[in-house]
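# any chance you can model this:
(one chain, ligands or ions: 1)
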Amino acid sequence: MPRRPFVAANWKMHKTVGETVDYARELVPRVGDAGDVDIVLAPPFPALPALVDAVADLGAGDRITVAAQNVHAEPQGAFTGEVSLPMLQACGVTAVIVGHSERRQLFGETDAGVDAKVRAVAAAGLTPIVCVGETLAEREAGRTFDVLDRQIDAGLAGLSREQAGAAVVAYEPVWAIGTGRVATPDQADAAHRRIRASLAARFGDDAAGACRIIYGGSVKPDNAAALMAQPDVDGALVGGASLDPAAFAEILAATRPPDSRIMEGRC
Ligand code: PGA
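Numbering: from 1, shown residues only. As a prediction, the model looks like this:
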C-alpha cells in the first residue's frame with residue numbers, strides 16, 4: 001500500500017495565539033478538500049488549544065491536525081516549565097515532534113531522553129514525529145549512516161512493531177536546518193533508504209514499509225516537488241517556509257500524489 005504523504009509545519013518559537021488563528025483562516029481555504037495528505041501544524045504550546053478550535057471551526061478538523069513541538073515523558077510531577085501528554089491530549093493534540101536537533105543541541109536532549117519521550121507518546125496513542133540527522137562534521141567524516149543507525153536504534157527502541165509502523169521519522173540533516181542549504185533529492189533519498197533499512201532490521205519489513213519518513217531542512221516551495229518525487233521521501237517537516245500560509249500551501253500542493261496534484265485553492 002502506498003504511504004500517505006505527511007507534511008508538518010514546525011513553527012518553532014513563532015506566532016502568538018492571535019497570529020495562529022489568522023494563519024488558520026488563511027491556510028484552510030488554500031488546502032482544498034482533498035484528503036490525500038496528512039497536514040499537521042505544530043505551533044508553540046500556548047497556541048495549541050486555539051489552533052485546534054480554529055481548524056474545527058473552519059471545518060478542516062478532518063484534514064489538518066495539530067502537533068506539539070515537545071513533551072515531557074512523565075504524565076505529571078514536579079517538573080517546572082514542562083508540559084505532559086495528558087495536557088496535550090486534553091487540548092486535542094494528536095502528534096508530538098520529539099528529538100528535534102535544536103532540542104538536542106540547545107537543550108541537551110539525549111538519545112535516551114528521546115527514547116523515553118517516544119515511548120510515552122506512542123503509548124498514549126499519539127503519533128511521535130522522531131527527528132534524526134547528522135551534523136556537517138559527521139557528514140564530512142563519512143559518518144552519516146552510523147549516526148542515523150544510532151539515532152534510530154536508540155530513539156525508537158521502546159516501540160512495538162505496530163507502533164514503529166505508525167510512527168513518523170523526520171530526517172533532518174542539521175546542516176540544512178534554517179540555513180537555506182537543502183539536501184539534494186539524492187542525498188535525502190539515500191538517507192531515507194538507510195533509515196528504512198535500519199527500521200526493517202529492528203522491526204521487520206512491514207513496519208518499515210508503513211513508517212512515513214519525511215525530510216526536513218530548508219524545504220521551500222521551489223524545492224519541495226523534487227524532494228517529494230523521491231520514492232522513500234514520504235513528506236516534509238517544514239520550519240521557516242511554513243510560517244507563511246501561502247508558501248506552506250504551495251509545499252502541500254507539491255507533496256500530493258501526482259494524480260491529485262490539482263491547483264485548487266491556490267488562486
Ligand atoms: P527549516 O527548519 O525548514 O527552517 O530549515 C526545519 C526544521 O527545523 O524542522
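
# these two touch, right, Val55 and Ala67?
No. Applying Cβ atoms under 8 Å as the test, Val55 and Ala67 come out as separate, 12.0 Å apart. For every residue, glycine as well, the C-beta is placed using N, CA and C.

# could you report the pLDDT at the closest residue to Pro231 other than its chain neighbours?
Of all residues not flanking Pro231 in the chain, Asp189 sits nearest, at 6.9 Å (Cβ to Cβ, 6 or more residues apart in numbering). With respect to pLDDT, Asp189 has a value of 96.

# against Val66, how distant is Asp189?
Distance, Asp189 to Val66, using Cβ to Cβ, to the nearest Å: 29 Å.

# the residue in the chain that the ligand sits nearest to: what's it in contact with?
Proximity of the chain to the ligand (Cβ to the nearest ligand atom) peaks at Gly239, 2.3 Å away. By Cβ atoms under 8 Å, 6 or more residues apart in numbering, the contact list for Gly239 reads 10-12, 177-178, 216.

# how does it look with 10 Å?
Gly239 is in contact with 8-12, 14, 42, 100, 102, 172, 177-178, 216-219, counting by Cβ atoms under 10 Å, 6 or more residues apart in numbering.

# cool, Glu162 as well?
Contact partners of Glu162, counting by Cβ under 10 Å, 6+ apart, are 122, 203, 206-207, 210.

# circling back: who's more crowded, Asp189 and Val66?
Taking other Cβ atoms under 10 Å, Asp189 and Val66 do not tie; Val66 has more neighbours (27 against 20).

# and that one, which of the three is it?
When classified by DSSP: H, G, I helix; E, B strand; the rest coil, Val66 comes out as strand.

# test my guess that it contacts Pro43.
Yes. Using Cβ atoms under 10 Å, Val66 is in contact with Pro43, at 7.5 Å.

# okay, and the common contacts of these two?
Contacts common to Val66 and Pro43, judged by Cβ under 10 Å, 6+ apart, are 20, 24, 50-52.

# from the residues you listed, which is closest to Asp149?
Taking Cβ to Cβ as the measure, Leu51 is the one of these closest to Asp149, at 35.4 Å.

# and the helix or strand encompassing the closest one, which residues are buried?
In this assignment (DSSP states H and E), Leu51 forms part of helix 48-57. For helix 48-57, the neighbour count (16 or more other Cβ atoms under 10 Å) marks 48, 50-55 as buried.

# Pro75: neighbour count?
Neighbours around Pro75, by other Cβ under 10 Å: 11.

# number of nearby residues for the closest residue to Pro46 other than its chain neighbours?
In space, and not counting its chain neighbours, Pro46 is closest to Val17: 6.1 Å by Cβ to Cβ, 6+ apart. When neighbours are counted by other Cβ under 10 Å, Val17 registers 16.

# next one: Ala201
So Ala201, with other Cβ under 10 Å, has 13 neighbours.

# kindly report the same for Asp38.
Per other Cβ under 10 Å, the neighbour tally for Asp38 reads 22.

# and it, bridged to which residues?
In this structure, Asp38 bridges to Phe6 when assessed by DSSP bridges.

# my guess is it meets Ala95, correct?
Yes. Between Asp38 and Ala95 there is a contact under Cβ under 10 Å: 9.0 Å.

# joint contacts of those two?
Residues touching both Asp38 and Ala95 (Cβ under 10 Å, 6+ apart): 6, 8, 65, 127, 168.

# tell me which two in those are the farthest apart.
Farthest apart among those by Cβ to Cβ are Thr65 and Val168. That separation is 11.8 Å.
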